[in-house]
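*Asks:* Just to be clear, the model below is a prediction. Sequence and coordinates:
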Amino acid sequence: MSALMLNRDVDDLLRQIRGLVAGGRVAAARPLLSAVQRLAEPSPEMWEIEARLLLREGRGAEAFAVLDRALALRPDSVSLRLCRAGARADAGELALAAADAADAVLLAPGDAPAKALLGAVLLELGRAADARACLAEALRAVPQDLDTRLALARAEETLGDWRAALAVLQAGIALAPARIGLRTAAILLLVKREAFAEAVAMATTARADGATDACVLGLLGHALSSLGRHDDASGAYAEALKLAPEDPYVRHLVAAAGLVPDLGRAPPDYVRVVFDGYAPRFDAHLMGLGYRIPGLVRAVVAAAPAAGPVLDLGCGTGLMAVALSDLPLGPTVGVDLSRRMLAAAAQRGLYAELHECDIEAFLAAEPRRFALLLAGDVCPYFGDLTPLLRGAAARLEAGGRFVFSAEALADATPDARGWQLGKQGRYRHGAGHILAAAAAAGLTVEELRPEVVRYEGEAPVPGLLAVLRSAAR
Amino acid sequence: MSRPAQTALERLHAGDRRGALAALPDPAGAEEHAVAGMVHLATGDWAAARAALATALGLGEAGPATLLNLALAEDRLGADGRARMRAVAALWPQWDEPRLRLAESFRRAGDESAALAEYVRTLALNADRAEALLGAAVLHLGREDAAPALTLLLRLCALAPDQAEAWDALGIARRQTGDPAAAEAAFAMAQRLRPAQVSFALRRGDAACAAGGGERELARLEEACARDPLDIVQMTARGALLHRLGRLDAAADVLGAAAALAPDAPEPAAALAACLVQANRMSLAVPALRRAAALAPDDVILQNNLAVALTRIHSYREARELLDGLIAAHGARAPFLCNLANALVCLGLQDEGVEVARRATERAPGMHLAWRTLAGALTYAGGASAGTLRALAERAAATLPRGHAAAPVARDPERRLRLGLLSATLKTHPVGWLTVAGFETLDPRAFEIVCLGQEPGGDALQRRFAAIAAGWHVVTGKPAEEVAASIRDRGIDVLIDLSGWGDQGMLAACAERPAPLQVKWVGMQAHTTGMPEIDLFLTDRWETPAGFEPFYTERLLRMPDGYVVYSPPPDAPHPGPLPAATGRGITFGCLNNLAKITPRVIATWAAILRRVPDARLLLKAHQFSDAPTAERIRAAFAAHGIDAARLELRGSSSLRDQLAQHRAIDIVLDPFPYTGGLTTCEALWMGVPVLALAGESFAGRHSASHLSNAGLADWIAADTAEYVERAVAWAADRPALARLRAGLRERVAASPLCDAPRFGRHLGAALRGAWREACARP
């Protein structure tokens, strides 16, 4: 075969590269762009494509350098502005992103994507009212754009008008009944508002229409479970797992329903997802459930002489620190998996340190010892407690105490292991298991008593409050 | 020689053919005519060459060169040039040239044996004649007779070390003699001599891989591409190597870039297409193949591959036309016939397909593709007994090569067993829907699952397999012996074949007997595999009632319920009410592939429609997206007196739409003798009962098994007369149909057809029992 003929049509090649970058085909775009850079002089268009490609490749700093240089040469380019605005927003530089997006809107007042991007950035900046105006205009121009519609719904929700948010989503569903993302957003909104019956109805309609995915089914399960319909919820979770078989969150929920073998503890991602999603409403939710643990722990701690430092395992939004805040304790260190929870805890100003980390991993890596370890509502995320108690024992000062709560396994429940995964994805433990685990960890049991830890609906959830002590050395 | 003749010859040697002719006087003498003849030969103007050379001869110029040149011109013009070549050879018996020309003439005419004999004579006269060395070697290589080729080529490479083709051929010979490292070195030499030749670069990468140096070669190519981003040869080689290494996405990206940079070159397009075909990205593969085939219209393999790809995207009519053209132009080669037979069957022309497949078996009785194509065509067409189908499967199985590796032995009856699931279709495919829930519910303490399948990732069903698998190994696209080695190396105890004699099937690997116990289950499980190495055939008492044993070479492992477990799609829409409840006539329907709809099926359905005058028939198949095909089927019904207005033919759709279409159907009419499998389960899940006819082959009893398993045995007919009577009777009883539909999904969900834990227990017990027996064997 003779020498291969090169395609020297640079415009054609750039058009192809743009399509590849937009489709995320980085590995296909890069060799073409390298070839074009040999074939033609650099141009602002080439720079923009290069920047988009660099961003896709995760080479942000190089992308910004290219964009800055290109915009210095072509300050009026809307596409360059938008490109940099998007890059800045992704990098968390929201104010700068808003400035670029606003410039783009000024340069091209009729450009719907520019308005949509500005609205999305304003929403992130907490300027929900301005965001709503931008997003509504953008959506009028391009009503089928999913991201803009979702952002507008979020803006309405942020402004407190969740019915308006729901209306935005429902209008989208009417327009495009097969768009599952809109259904998911609407059902999630209802779940967050605790409108569980409405959420179930909406998810059921989605199912009958065949517009279903793992998220829809997972949320359906969540809503059914919240209505106390645990068997129906199990079914929904099992179906969700068929559509998202590798999703550890869904797998955990299905394990909870007893349909597949469980992993022995909730996967860290599950804990993170559940609590990141809950953070803003966590306190109210738990209080609404009659959450009693911080008060129970406080009573134990207050009855003994002052101690410190304190390690709060699974500190969440810091409810435990609030309950203990008037007691003369040493500096408190908090550990949790959920970044959003930790952000809420930090706002209370009661912790000396906060760590985003898995509890077992933290206990294994931490060199310091503590006089008091607390774990309120942590055991429900662990099956076998032995590793947790061993880790805690290693971090207790001589004579230090570990106070924690668990949800109780009825004595009649036949399970040789002494613990069991319950239908809501929470592990329950028998007193015998806690005694054995404490013994294995070398901890003395000072107290192990039944307590009601919370209420589910009107029903009290039986639990255990444990106080374990490290041997004095 | 005259002065002008000498000048003309000098110009000809310098490549200036026009100048050479201009140098000759008019009128010319004998010598000048002879030289003009040579110039015309060089330009390929055979007629002018013959005229000039004949004139020279007439004028008395009868030298050996003139005579031989005249013979060449005559040969090219289709006259008997070889006779004159032989005459020249007889006149100058020590001259090697006429022998070489004879060899080349025979080779052009496709007579390879005669060509080889003449090359040997040439070499006897002149042992250093490079063209003869290469020509003879290439003929040997074409017969996969590498040893003599190797001797010739080693001599040639020493004599003419600057000849790229010589090194390339040496590489091919080394590859055939099983020395890939030496082959790689030879291809590297060829590539150095001619860097623009893509094929050398491609073969070099392949040899490097075979020699275990794929990653090293990849690093070299990556460096070369970074150094020169415009070097399309290296880019194409890099992409092809990524493909060879199984990194299909990366390969497609690189090859896509190469094809975009060299849109007029067939090689990058062909390499891209091959990679996309392997990745099963057919919507991109077909355009790439079309482009490659258009750029290299003489490449019959490319044309044939295009036809295969067209059948895979259900463009059967176009595939048929392409294959008809190929056969007309290049002869009825067996692979073309097999592909044509498949296309014909899929067009609903089953009997024609059988005839074409039969021709393939006559032309290539040693080719398993031919036998399995014939067996497949007959399974659809009907008219062959289950015993005949077994005999054909055994013919196919007998042609598979078998290595000499010792079969692994089953030991330790109670230990945890490693199951190997062998299939390219562990995904959204009948194999996925009908098996995955069974594997999910196997006791993980007793069984470990290893998937030997397609590229990982993919759809939700594939990810379900991945979620329960201890390992996932890509075997698709690999040679059978590599697949077998992979199975053996992984210590698979029980190998479950889930693709059978299908296009991507891997029974050739099973023939190497890589696991102690080998089982056939879903996946082109149309009938027996005919393979002595397949020990067990997973079945049930409805698929294979007692007495059916002689139709199978495997031992029948009957499950207590049905032989599959259906995993209904969680996103299936609601069935909806009985369409006929609105007062309109009954809508019969069938959503099976047109390959299953034979003339006899059409005649039977037409009989039902005549008996139920207000009824309609809704048919849905990929093939109906093609208007002429739909028209042909309408005409077939019209021939039985059924007006086209009573038919609704629907084309391709998404799976979700496919399920939703059941909302318009009251009763499904199952085809025969190849019955519905997954399609029947889907209909039941969508609340629509299926009227089936039970046959004799395994494929002929799928529906009977699923219906019995779901408690609907009263929907199975024994013959076409009963089939018609039952259809008519059910159509008349709408209240009963409405009641059945209202509860059918729940009924099916509660039946063993969908009871995964129950199936998993049974499957575990069946496999354990078979393993214990294997362990007890001496």
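*Replies:* Everything's here; your move.

*Asks:* Report the distance from the lowest-mean-pLDDT helix or strand in chain B to the chain centre.
*Replies:* Ranking every helix and strand in chain B by mean pLDDT, DSSP states H and E puts helix B:655-660 at the bottom, with a mean of 86. The chain centroid and the centroid of helix B:655-660 are separated by 28 Å, computed with C-alpha atoms, centre = their mean, to the nearest Å.

*Asks:* Going by neighbour count, which residues in it are buried?
*Replies:* Residues B:656, B:658, B:659, B:660 are the ones in helix B:655-660 that count as buried (16 or more other C-beta atoms under 10 Å in any protein chain shown). For the C-beta atoms, the positions are set from N, CA and C on the backbone; glycine is no exception.

*Asks:* do stretch A:11-19 as well
*Replies:* A:13, A:14, A:16, A:17, A:18.

*Asks:* Any part of that stretch near chain B?
*Replies:* Yes: Stretch A:11-19 reaches chain B (C-beta under 8 Å from any C-beta of the partner chain) through A:13, A:16.

*Asks:* on that earlier part again, which among the buried residues of helix B:655-660 are in contact with chain A?
*Replies:* Applying C-beta under 8 Å from any C-beta, the subset of these adjacent to chain A comprises B:656, B:659, B:660.

*Asks:* Put the alpha carbons of stretch B:592-608 into CSV.
*Replies:* Included here for stretch B:592-608 are C-alpha records, laid out as CSV according to Å, rounded to 0.1, in the frame of the first residue of the first chain:
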residue,chain,number,x,y,z
ASN,B,592,-40.3,-13.4,17.6
ASN,B,593,-37.6,-13.0,15.1
LEU,B,594,-38.6,-13.5,11.5
ALA,B,595,-36.2,-16.5,11.2
LYS,B,596,-38.7,-18.5,13.2
ILE,B,597,-41.7,-17.6,11.0
THR,B,598,-41.7,-20.3,8.4
PRO,B,599,-44.2,-20.7,5.5
ARG,B,600,-46.0,-23.4,7.6
VAL,B,601,-46.3,-21.0,10.5
ILE,B,602,-47.8,-18.4,8.2
ALA,B,603,-50.2,-20.9,6.8
THR,B,604,-51.3,-21.9,10.3
TRP,B,605,-51.8,-18.3,11.4
ALA,B,606,-53.7,-17.5,8.3
ALA,B,607,-56.0,-20.4,9.1
ILE,B,608,-56.7,-18.9,12.5
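
*Asks:* what sits up against it?
*Replies:* Residues outside stretch B:592-608 that contact it (C-beta atoms under 8 Å, 6 or more residues apart in numbering or on different chains): B:345-348, B:350-351, B:380-382, B:588, B:590, B:615, B:617, B:619, B:621-624, B:629, B:633, B:636-637, B:640-642, B:669-676, B:679, B:720, B:723-724, B:727-728, B:731.

*Asks:* From these, which land in helices?
*Replies:* B:345-346, B:350-351, B:380-381, B:629, B:633, B:636-637, B:679, B:720, B:723-724, B:727-728, B:731 (DSSP state H).

*Asks:* buried subset of those residues?
*Replies:* B:345-346, B:350-351, B:380-381, B:629, B:633, B:636-637, B:679, B:723-724, B:727-728, B:731.

*Asks:* picking that back up, of the ones next to chain A among the buried residues of helix B:655-660, closest to chain A?
*Replies:* Ranked by distance to chain A (C-beta to the nearest C-beta), these are led by residue B:656 at 5.1 Å.

*Asks:* what pLDDT, on average, does the helix ranked longest in chain B get?
*Replies:* Determined from DSSP H, the single longest helix within chain B is helix B:756-776. Taken as a whole, helix B:756-776 carries a mean pLDDT of 96.

*Asks:* again with stretch A:84-97
*Replies:* For stretch A:84-97, the per-residue pLDDT averages 91.

*Asks:* who touches it?
*Replies:* For stretch A:84-97, using C-beta under 8 Å, 6+ apart, the contacting residues are A:51, A:55, A:60, A:63-64, A:67-68, A:71, A:98, A:100-101, A:104, A:117-118, A:120-121, A:124-125.

*Asks:* Find me the pLDDT at residue 395, would you?
*Replies:* If you meant another chain, say so; for now it's chain A. Value for residue A:395, per-residue pLDDT: 94.

*Asks:* look at chain B instead
*Replies:* In this prediction, residue B:395 carries a pLDDT score of 96.

*Asks:* List the buried residues of the strand or helix carrying it.
*Replies:* Residue B:395 is located in helix B:386-398, with elements delineated by DSSP states H and E. For helix B:386-398, burial by neighbour count (16+ other C-beta under 10 Å) applies to B:386, B:389, B:390, B:392, B:393, B:394, B:395, B:396, B:397.

*Asks:* Note down every partner strand of the following helix or strand past it and its orientation.
*Replies:* Remark: after helix B:386-398, the chain's next helix or strand is strand B:417-422, criterion DSSP H and E. Sheet pairing for strand B:417-422, assigned by DSSP bridges, gives strand B:447-453 (parallel), strand B:494-497 (parallel).

*Asks:* I'd like to know the average pLDDT value across strand B:417-422.
*Replies:* Across strand B:417-422, the average pLDDT comes to 98.

*Asks:* Repeat that for stretch A:106-116.
*Replies:* For stretch A:106-116, the mean per-residue pLDDT is 94.

*Asks:* Just the C-alphas of the helix or strand harbouring residue B:328, formatted as PDB.
*Replies:* Taking DSSP H and E as the definition, residue B:328 sits inside helix B:316-330. Output in PDB follows, covering the C-alpha atoms of helix B:316-330 (Å, rounded to 0.1, in the frame of the first residue of the first chain):
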ATOM      1  CA  TYR B 316     -30.200  -9.100   6.300                       C
ATOM      2  CA  ARG B 317     -31.400  -8.000   2.800                       C
ATOM      3  CA  GLU B 318     -28.400  -5.900   2.200                       C
ATOM      4  CA  ALA B 319     -26.100  -8.600   3.500                       C
ATOM      5  CA  ARG B 320     -27.700 -11.100   1.100                       C
ATOM      6  CA  GLU B 321     -27.300  -8.800  -1.800                       C
ATOM      7  CA  LEU B 322     -23.600  -8.200  -0.900                       C
ATOM      8  CA  LEU B 323     -23.000 -12.000  -0.600                       C
ATOM      9  CA  ASP B 324     -24.800 -12.800  -3.800                       C
ATOM     10  CA  GLY B 325     -22.400 -10.300  -5.500                       C
ATOM     11  CA  LEU B 326     -19.400 -11.800  -3.800                       C
ATOM     12  CA  ILE B 327     -20.300 -15.300  -4.900                       C
ATOM     13  CA  ALA B 328     -21.000 -14.200  -8.400                       C
ATOM     14  CA  ALA B 329     -17.600 -12.400  -8.600                       C
ATOM     15  CA  HIS B 330     -15.300 -14.700  -6.600                       C
END
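
*Asks:* hmm, who's touching that helix?
*Replies:* By C-beta under 8 Å, 6+ apart, helix B:316-330 touches B:300, B:303-304, B:306-308, B:310-311, B:333, B:336-337, B:339-340, B:343-344, B:346-347, B:623, B:626, B:628-629.

*Asks:* The closest residue to chain A within the stretch 251-400 of chain B: neighbour count?
*Replies:* Residue of the stretch 251-400 of chain B nearest chain A, by C-beta to the nearest C-beta: residue B:253 (3.6 Å). As a burial measure, residue B:253 scores 24 neighbours (other C-beta atoms under 10 Å in any protein chain shown).

*Asks:* and if you look at residue B:18?
*Replies:* So residue B:18, with other C-beta under 10 Å, has 10 neighbours.

*Asks:* What residues does it make contact with?
*Replies:* By C-beta under 8 Å, 6+ apart, residue B:18 has no neighbours at all.
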